[in-house]
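Peer 1: when you get a sec, could you give me coordinates for this:
(one chain, ligands or ions: 1)
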Amino acid sequence: MITDLRLLLGPGRAHILTGYVAWTVLFGVLSGLASALLVPVVADLASGQRADLLPLAVVTVVAAVVRYVQTTRGSAAALETMSSMHQRLGDHVVSLPLGWFDSDRTGRLTRVATDGTVMITGIFAHLLSPLVISVAAPVTAAVALFWYDWRIGLVAALSMPVLALAFRFAAQTLARGEARNHAADVEAGARVIEFARSQRVLRAFGRAVHGYQPLEQAIEQQRRIRRRTLGQGVVGLSVGGLTVQLAVTVLMLVLVWLTLAGSIAPAAAVALIALVFRFAGPLADVSEYAGAIRIAGGDLRRLTDVLRQPAMPQPRASAPLDQPGRIELDNVTFGYRPDTPVLRSVSLTVPPGSVTALVGPSGSGKTTVIRLISRFWDTRQGAVRVGGADVRDLRTEDLTSQLAVVSQDVYLFDDTMAANIRLGRPDATDADLAEAARLAGVDEIVARLPDGWHTRVGEGGTALSGGERQRVSIARALLKRAPIVLLDEATAALDPENERYVQRSIRQLAQHSTVLLIAHRLGNVVDADQIVVLDDGRVVETGTHQSLVAADGPYAKLWRAMANGRGWRLNAPQ
Ligand SMILES: Nc1ncnc2c1ncn2[C@@H]1O[C@H](COP(=O)(O)OP(=O)(O)OP(=O)(O)O)[C@@H](O)[C@H]1O
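Peer 2: Okay, here's the model as predicted:
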């Protein structure tokens with residue numbers, strides 16, 4: 001756990017944690033010492049002598065001061081860990097390959113990032129400190145028992161490994177149960193999100209009212225696992241508690257025996273009983289704290305696991321972009337999974353300032369090409385170059401400054417229309433914004449919205465249609481004026497009005513930028529300077545529309561299928 005907390009704090013700040021733990025141990029030792037110093041006081045009082053209270057008073061005052069410092073150090077360490085946690089998570093998540101963000105991991109990340117704050121406060125305030133004190137104080141009390149009577153000290157020392165084993169068993173049982181609970185919670189959470197997201201489909205097929213089986217099964221499984229964990233947790237805690245009781249009983253028996261045998265004076269025996277309870281009292285809590293610490297440790301580990309995920313390697317400085325606007329895939333073989341290649345030895349060049357259309361049947365790898373150029377993933381074989389530089393030799397900010405991406409799954413933030421378009425270039429003037437919006441046909445959408453430019457578009461842009469969202473995304477790209485525009489035309493929005501705007505925007509974009517587009521519209525394919533045909537992850541043809549139709553190869557078949565309204569199918573009948 002300490003390693004995970006250090007990782008969250010980041011390099012150069014681990015001393016905050018070490019300092020806090022040191023102060024906590026010191027406080028635990030002092031409170032154990034204060035109990036030990038009670039022994040002579042009680043013994044003197046029991047035998048009717050005058051007791052010297054000074055050492056006890058000094059240690060108590062010092063312990064109070066140490067407690068104050070320890071608590072303030074604890075709050076500071078908790079605050080520091082929380083703020084650095086969010087910062088480090090944020091910094092790291094943006095450097096992870098997009099392949100990492102599957103729905104399970106995203107759900108888990110959401111959970112750890114939101115629960116993380118509460119969890120870290122809890123670790124410092126309610127777990128780490130009590131646990132350290134509950135161990136340091138009894139250990140000091142055991143040393144004191146040795147000091148007063150080595151035989152009782154020996155029994156206390158011998159009981160410690162047995163107690164440690166019992167606490168370990170309790171902690172492991174609780175932690176194992178919690179890990180099962182967590183997995184069941186994540187599964188149930190993912191199914192709830194799936195249920196909410198699939199409402200449209202479920203309702204369309206009349207399934208919503210009949211219950212959603214995967215969700216019901218996940219909730220039932222969650223309930224079963226929680227019940228089992230609860231039972232096992234009780235067993236674990238009972239074993240820890242009973243072992244402490246056993247240790248106390250043995251200590252008391254030895255003490256009584258030694259007193260009856262005359263080895264210990266009755267007054268001293270009374271004082272030692274107090275010390276035995278001081279030894280055992282905090283230990284009784286250890287199994288509970290240790291269990292809770294293990295559980296929190298599991299949560300913490302899930303949080304730091306995100307930080308341990310290898311980030312996309314970044315060069316210290318970017319390679320020079322000596323061929324601005326040029327895109328090149330050089331013998332690229334890539335698969336999302338190592339055993340299933342999606343692109344096979346793909347080589348293609350998009351000259352600066354040209355419009356290149358990427359066509360091919362569904363699943364042929366067109367979107368994957370765009371993802372590799374954007375470096376959402378790294379290719380394992382071959383090279384992807386942007387502006388003449390391998391994308392792996394460019395820092396993220398330098399690569400993204402070269403690219404504007406208009407994808408099918410346009411994400412709009414729950415902000416105003418203006419703010420969503422300004423994402424392309426935050427410092428754009430109002431006039432530039434209006435011009436980009438006009439070209440992409442967003443001004444028409446804005447005119448229809450109740451608050452015009454100030455209308456919030458809802459999370460994910462739910463207030464707009466698919467075609468309208470893509471127009472907003474094109475306006476972003478127009479505003480950004482990046483040297484390269486990667487455009488994945490929306491198949492879902494093939495209405496003539498959209499088509500008109502997209503074509504006009506592409507013409508406009510082509511004036512300043514290289515355009516690589518995944519084309520689904522006849523007009524954009526015919527007008528392209530170059531057409532690259534992909535089939536099953538391979539480039540099967542390259543040329544202009546005329547040359548490819550004349551060649552009467554795969555493109556000509558595609559073209560005829562498309563013109564006949566049957567969509568892109570390489571094997572469509574001619
Ligand atoms: N994140 C992913 N993980 C695993 N496989 C993926 C992933 N994304 C795409 N694929 C697979 O890679 C192959 C190529 O997909 P890609 O999206 O590049 O094709 P496409 O030509 O753009 O298809 P479409 O025209 O239908 O969008 C498909 O078999 C697809 O199932």
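
Peer 1: most centrally placed residue in this protein?
Peer 2: With distances taken as C-alpha atoms, centre = their mean, Leu109 lies nearest the centre of the chain, 3.2 Å away.

Peer 1: quick one: that residue and Leu96 touch, right?
Peer 2: No. Using C-beta atoms under 8 Å, Leu109 is not in contact with Leu96, being 9.8 Å away. (Each C-beta comes from the backbone N, C-alpha and C, glycine too.)

Peer 1: output the lowest mean pLDDT helix or strand found in the protein.
Peer 2: Here the helix or strand of the chain ranked lowest by mean pLDDT, DSSP states H and E is helix 103-122, holding a mean of 73.

Peer 1: could you find the closest non-adjacent residue to Arg392?
Peer 2: In space, not counting the residues next to it along the chain, Arg392 is nearest to Asp378; the distance is 6.3 Å by C-beta to C-beta, 6 or more residues apart in numbering.

Peer 1: how about the secondary structure of that neighbour?
Peer 2: Judged by DSSP: H, G, I helix; E, B strand; the rest coil, the three-state class of Asp378 is coil.

Peer 1: what's the burial count for it?
Peer 2: 14 (other C-beta atoms under 10 Å).

Peer 1: next one: Val132
Peer 2: Neighbours around Val132, by other C-beta under 10 Å: 21.

Peer 1: can you check Pro310 too?
Peer 2: If you count neighbours by other C-beta under 10 Å, Pro310 ends up with 9.

Peer 1: now it: how far from Met85?
Peer 2: For Pro310, the distance to Met85 equals 19 Å [C-beta to C-beta, to the nearest Å].

Peer 1: next, count neighbours for Arg6.
Peer 2: 18.

Peer 1: where's it relative to the ligand, distance?
Peer 2: 34 Å (C-beta to the nearest ligand atom, to the nearest Å).

Peer 1: which stretches of the stretch 201-350 of the chain have low pLDDT?
Peer 2: 206-210 (pLDDT under 70).

Peer 1: which single residue in it comes nearest to the ligand?
Peer 2: Tyr336 (3.3 Å; C-beta to the nearest ligand atom).

Peer 1: run a quick neighbour tally on that residue.
Peer 2: Tyr336 sits with 11 neighbouring residues when counted by other C-beta under 10 Å.

Peer 1: quick check on it: phi, psi?
Peer 2: phi -70, psi -30 (degrees, to the nearest 10).

Peer 1: thought Phe376 was touching it, still the case?
Peer 2: No. Assessed by C-beta under 8 Å, Tyr336 is found out of contact with Phe376, at 10.7 Å.

Peer 1: circling back to that earlier point, so which elements touch the least confident helix or strand of the chain?
Peer 2: helix 54-93, helix 150-197, helix 266-308 (3 or more C-beta pairs under 8 Å, 6 or more residues apart in numbering; DSSP states H and E).

Peer 1: save these as JSON lines, and put in distance to the ligand and mean neighbour count too.
Peer 2: What follows is those, written out as JSON lines (distance: least, C-beta to the nearest ligand atom, whole Å; neighbours: other C-beta atoms under 10 Å):
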{"stretch": "helix 54-93", "distance to the ligand": "17", "mean neighbour count": "16"}
{"stretch": "helix 150-197", "distance to the ligand": "17", "mean neighbour count": "17"}
{"stretch": "helix 266-308", "distance to the ligand": "19", "mean neighbour count": "20"}
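
Peer 1: okay, these in a markdown table with distance to Ala144 next?
Peer 2: Output for the helices and strands packed on helix 103-122, formatted as a markdown table (distance: least, C-beta to C-beta, whole Å):
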| stretch | distance to Ala144 |
| --- | --- |
| helix 54-93 | 12 |
| helix 150-197 | 8 |
| helix 266-308 | 6 |
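
Peer 1: so does the least confident helix or strand of the chain get close to the ligand?
Peer 2: No. Applying C-beta under 6 Å from any ligand atom, one finds helix 103-122 separated from the ligand by no less than 11.2 Å.

Peer 1: for that helix, C-alpha coordinates in CSV please.
Peer 2: Once non-C-alpha atoms are left out, helix 103-122 reads as follows in CSV (Å, rounded to 0.1, in the frame of the first residue of the first chain):
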residue,chain,number,x,y,z
SER,A,103,-15.9,-0.4,-21.7
ASP,A,104,-14.8,-2.4,-18.7
ARG,A,105,-11.6,-0.4,-18.2
THR,A,106,-13.5,2.9,-18.7
GLY,A,107,-16.1,1.8,-16.1
ARG,A,108,-13.3,0.8,-13.7
LEU,A,109,-11.4,4.1,-14.3
THR,A,110,-14.6,6.1,-13.6
ARG,A,111,-15.1,4.2,-10.4
VAL,A,112,-11.6,4.5,-9.1
ALA,A,113,-11.3,8.1,-10.1
THR,A,114,-14.5,9.1,-8.3
ASP,A,115,-14.2,6.8,-5.3
GLY,A,116,-10.5,7.5,-5.1
THR,A,117,-10.8,10.8,-3.2
VAL,A,118,-13.0,9.2,-0.5
MET,A,119,-10.8,6.2,-0.4
ILE,A,120,-7.6,8.1,0.1
THR,A,121,-9.0,10.3,2.8
GLY,A,122,-10.3,7.1,4.5
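
Peer 1: buried ones in the helix or strand following it?
Peer 2: Later in the chain than helix 103-122, the nearest helix or strand by DSSP states H and E is helix 129-148. For helix 129-148, the neighbour count (16 or more other C-beta atoms under 10 Å) marks 129-145, 148 as buried.

Peer 1: tell me the mean pLDDT for stretch 135-151?
Peer 2: If you average the pLDDT over stretch 135-151, you get 87.

Peer 1: done for today, thanks.
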